[in-house]
Structure formats: C-alpha cells, structure tokens
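J.: Curious how this folds, go ahead:
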Amino acid sequence: MTDPNQPEKYRLRLVFAKKKEIKYISHLDLALAWERALRRAQIPLAYSQGFNPRPKMQFASGLPLGSTGRAEILDIVITEALSPDEAQQRIAPKLPTGIGLQMVTEVPLKAPTLQHLLRQAEYRVTVETDLPEGELAARIDSLLAADSLLQTRRRKKQAEEFDLRTWLHGLRLESVADGDAVLWLRVTAGQYGNLRPEEVLKALGLADCWAEIERIRLIFEDEL
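T.: I've put the predicted structure just below:
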C-alpha cells in the first residue's frame, strides 16, 4: 500500500560520458561529482531512510581507475515529476569538466535495477606495441580458438581462478598504425562475472604495454 505521507517518486535514466580529463578520479569521486551537480541543478532527489540519508542514485557499473566511458548510465530517483528534456537542460550546465550528459529518459520506478540487468560490456582499447599486424591477428585467432583459458587473479586478497575464454564474447583487431594497435572486445559484465580488458591484454602478451581503455557500450539482458 502506498503511504499517503510519502511524496510520489519518479526514476530518470542518465546516459553520460566520462572523458579523459577525469579518467583518474575514482568511482566514489565520480558519484560525489554527480551528487553535487544534481544539487546545483535543483533536481529534487529522493533520499534513503536512516541515520545517514543518501540520494537514491545507482550506476550501472563502476569504471576502473584510468578508463573512460562513452555511454555510462546512472539512474536517479526524484520526488517531483520532471520531463527528461527539462532535466537535461537543468543538469548539463552544472556538470564539471569531463562529464558530458548525452541523454535523459524516464523509466518505471519499479523496473529492475541496472546492476541486475547488466550482462556484457564493449570496449575499445588502444595499446602501444611494435608487434606487426600479422602477429597480433594470429594471437587473437589463437585466443578465440581456445576451448578454455584458465587465469588467476586476486580478489579480496585471495587468489581466484577463472576461465577467461567463457567471459570473452568478441575480440578483433581494428587497426594498426604508428606503433598503436586498436582492439575491440566484448566481455562479461555484471552480477555473473566481470572481465577487465587488462586481463585480455595479458592473455595476448600485451600486459606490459601502455594502453588507453574506453568502455563504449553497456549491454543488458533484453539486448542479448
């Protein structure tokens, strides 16, 4: 039953870019930047209950430190009806350098959470390497042809073994020029596993190379 003393709530979905200027800020700092910008824009945010109320904001997925994102997604809950166009007009001028608001849409308040629906992510990775195009292509073909590729990583101070191949859904070499190779990859993301692009670079023998990582798309359950 709806509590008549509680204000009506609405949910807006914000699609934004995290640009190079702020690629080294943490996910927590990014969330604080958004919170400050939304307050300056006078967006009527809903808050959690309890001793330390927090604005009801949820990111689809945090970006690793040093990575950029072309189409990151943030859901916010508000206490007054606000059209997506008006929300965008209010918010965009208040955002700090390095965050670009691309789109605002309204979604049902009771829709499943972004984190619950997230399944995969696509990245574009520029990696510095002197390897010829043929060698890079051969390494990619070999990785994709493998039935399994067991790797070890540390999580919560413990070693964890996982099969990289089952979490790698697509990989191709887009270009090689002037000592840089550009890779496109699609990997598992979300509650059922997360494969970082750095782990794919390690499997390709490129772990020690300088790399620039951009997440270009988040893929949800209904898009597969």
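J.: how much space between the closest residue to Gly170 other than its chain neighbours and Ala137?
T.: Counting by CB to CB, 6 or more residues apart in numbering, the nearest residue to Gly170 once its immediate chain neighbours are dropped is Arg186, at 3.8 Å. To be clear about C-beta, it is placed using only N, CA and C from the backbone, and glycine gets the same treatment. Distance, Arg186 to Ala137, using CB to CB, to the nearest Å: 18 Å.
J.: how about the worst-scoring helix or strand of the chain on mean pLDDT: buried residues?
T.: Across the helices and strands of the chain, mean confidence by mean pLDDT, DSSP states H and E is lowest for strand 150-155: a mean of 84. Under the neighbour-count criterion of 16 or more other CB atoms under 10 Å, strand 150-155 has Gln151 buried.
J.: on contacts alone, who are the packing partners of that strand?
T.: Packing contacts for strand 150-155, counted by 3 or more CB pairs under 8 Å, 6 or more residues apart in numbering; DSSP states H and E, involve strand 158-163, helix 197-203.
J.: One more pass at 6 Å, please.
T.: Contacts defined by 3 or more CB pairs under 6 Å, 6 or more residues apart in numbering; DSSP states H and E place strand 150-155 against strand 158-163.
J.: Strand partners (parallel or antiparallel) of the strand it packs on?
T.: strand 150-155 (antiparallel) (DSSP bridges).
J.: Can you name the residues in contact with the strand it pairs with?
T.: The set of residues external to strand 150-155 that reach it, using CB atoms under 6 Å, 6 or more residues apart in numbering, is 159-164.
J.: Of those residues - the most surrounded one?
T.: Greatest neighbour count in the contacts of strand 150-155, by other CB atoms under 10 Å, goes to Leu164: 20 neighbours.
J.: ok now do that one, which residues does it touch?
T.: Taking CB under 6 Å, 6+ apart as the contact definition, Leu164 lies against 149, 151, 203.
J.: Next: Gln88.
T.: Taking CB under 6 Å, 6+ apart as the criterion, Gln88 is in contact with Val104.
J.: which residues in this protein form helices?
T.: Listed in chain order, the helices of the chain (DSSP state H) span 27-40, 84-91, 114-117, 133-145, 164-167, 197-203.
J.: ends of stretch 190-207, how far apart?
T.: Between the opening and closing residues of stretch 190-207 there is a gap of 23 Å (CA to CA, to the nearest Å).
J.: Only the buried residues of that stretch, if you could.
T.: Of the residues in stretch 190-207, 190, 194-201, 203-204, 206 count as buried by neighbour count, 16+ other CB under 10 Å.
J.: now do stretch 87-105
T.: 87-88, 90-92, 94-95, 98-99, 101, 104.
J.: Need those residues in JSON lines (columns: pLDDT).
T.: As requested, the buried residues of stretch 87-105 are exported to JSON lines (pLDDT from 0 to 100):
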{"residue": "Ala87", "pLDDT": "98"}
{"residue": "Gln88", "pLDDT": "98"}
{"residue": "Arg90", "pLDDT": "98"}
{"residue": "Ile91", "pLDDT": "98"}
{"residue": "Ala92", "pLDDT": "98"}
{"residue": "Lys94", "pLDDT": "98"}
{"residue": "Leu95", "pLDDT": "98"}
{"residue": "Gly98", "pLDDT": "97"}
{"residue": "Ile99", "pLDDT": "98"}
{"residue": "Leu101", "pLDDT": "98"}
{"residue": "Val104", "pLDDT": "98"}
